[in-house]
Structure formats: C-alpha cells, structure tokens
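Engineer: Here's a sequence, model it:
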Amino acid sequence: MQAWLESKGCRLDSSNGPAFAIRSADGSIHEVHYRAGKLHRENGPAIVRQTAAGSSLEEYYLDGNRHREDGPAVIKRFTKGSTRELYYCNKEWLSSGGSSANPWPMNEGTSRELGRHIRQIVDKREARR
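Structural biologist: Purely as a prediction, here's the structure:
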C-alpha cells in the first residue's frame, strides 16, 4: 500500500492527530495514526475503530510494528461485553490473553480494509482535480 500511495504522491504522516479519520452518520469511527508512512503513535493506539453497535478495536504500533510495553497491543471489545487481547513487543506476538494458540487472525483483513479506505480517499481527491 505504501508504494501505491507514494506513486500517487502521498505519504501519510500525523504528528498532531490521525492521518486518516472516518466518522460515519451511524456513529461509527475509524481513525489511523501514521508517522513517516508507517503506523505509529507513541501515547495511544495507532488504529481506533468503534462500531455503531458498540464493539471496538484498538491497535498499538510503533514505527510500523505492533508494540506495547504496558498492556495488550490489540484490544477487541465485543458488543456483548467480552474482550480479546493480544500482546506484542517489537512486532513479536507474545500471547493472546490466556490462549497459547496462534494469534488472533485479524491483521490481513484490517490491513486490506484500511488500504481500501485510503485508496478511495486518494482516488476521490484525484477525481476532483
């Protein structure tokens, strides 16, 4: 995705807030923080998603790697009150909050969806020119 953005003359960077935010009429929110083209936020989650139904997702990244030293790097809260947590340090998966199975399989879908949203935004900007 980064190569595609650079080919369009775009580089995501957000030192003062999300590089990209979608706030829908139904109340859902999707915010993403970048630094120098990589997912990054030092004092909070780099990806925040909240649905109108009440579920949420927070993902912590530093320099493009899932990372958090003081808690889970991925927190998924479901509408019925349950929570799923994944622990990462320097992109290495450590545990999934009580399960020793493979990490929760959500990175590819999240990355694809994020890439699709960003491409739509850039394409709309180009169409206006």
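Engineer: Check whether residue 12 really touches residue 37, as I assumed.
Structural biologist: Yes. Using C-beta atoms under 8 Å, residue 12 is in contact with residue 37, at 5.7 Å. Where C-beta positions appear, they are placed from N, C-alpha and C, glycine not excepted.
Engineer: Please say which of the two ends up with more neighbours.
Structural biologist: Neighbours were counted for residue 12 and for residue 37 using other C-beta atoms under 10 Å; residue 12 has more, 20 against 16.
Engineer: Next up, phi/psi of that one, please.
Structural biologist: Phi and psi for residue 12, reported as degrees, to the nearest 10, are phi -70, psi 130.
Engineer: same check, this time on residue 17
Structural biologist: Taking degrees, to the nearest 10 as the convention, residue 17 sits at phi 150, psi -170.
Engineer: what's near enough to touch the nearest residue to it once chain neighbours are set aside?
Structural biologist: Once flanking residues are discounted, residue 17 sits nearest to residue 33: 7.7 Å by C-beta to C-beta, 6 or more residues apart in numbering. Taking C-beta atoms under 8 Å, 6 or more residues apart in numbering as the criterion, residue 33 is in contact with 14, 17, 18, 19, 39, 40, 41, 44, 45, 46, 47, 61.
Engineer: Among those residues, name the buried ones.
Structural biologist: In these, burial by neighbour count holds for 14, 18, 19, 39, 40, 41, 45, 46, 47, 61, counting by 16 or more other C-beta atoms under 10 Å.
Engineer: Kindly reformat those residues as TSV and extend each row with pLDDT and secondary structure.
Structural biologist: Converted to TSV, the buried ones among the contacts of residue 33 look like this (pLDDT from 0 to 100; DSSP: H, G, I helix; E, B strand; the rest coil):
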residue	pLDDT	secondary structure
14	78	coil
18	88	coil
19	84	coil
39	91	strand
40	94	coil
41	94	coil
45	97	coil
46	95	coil
47	95	strand
61	95	strand
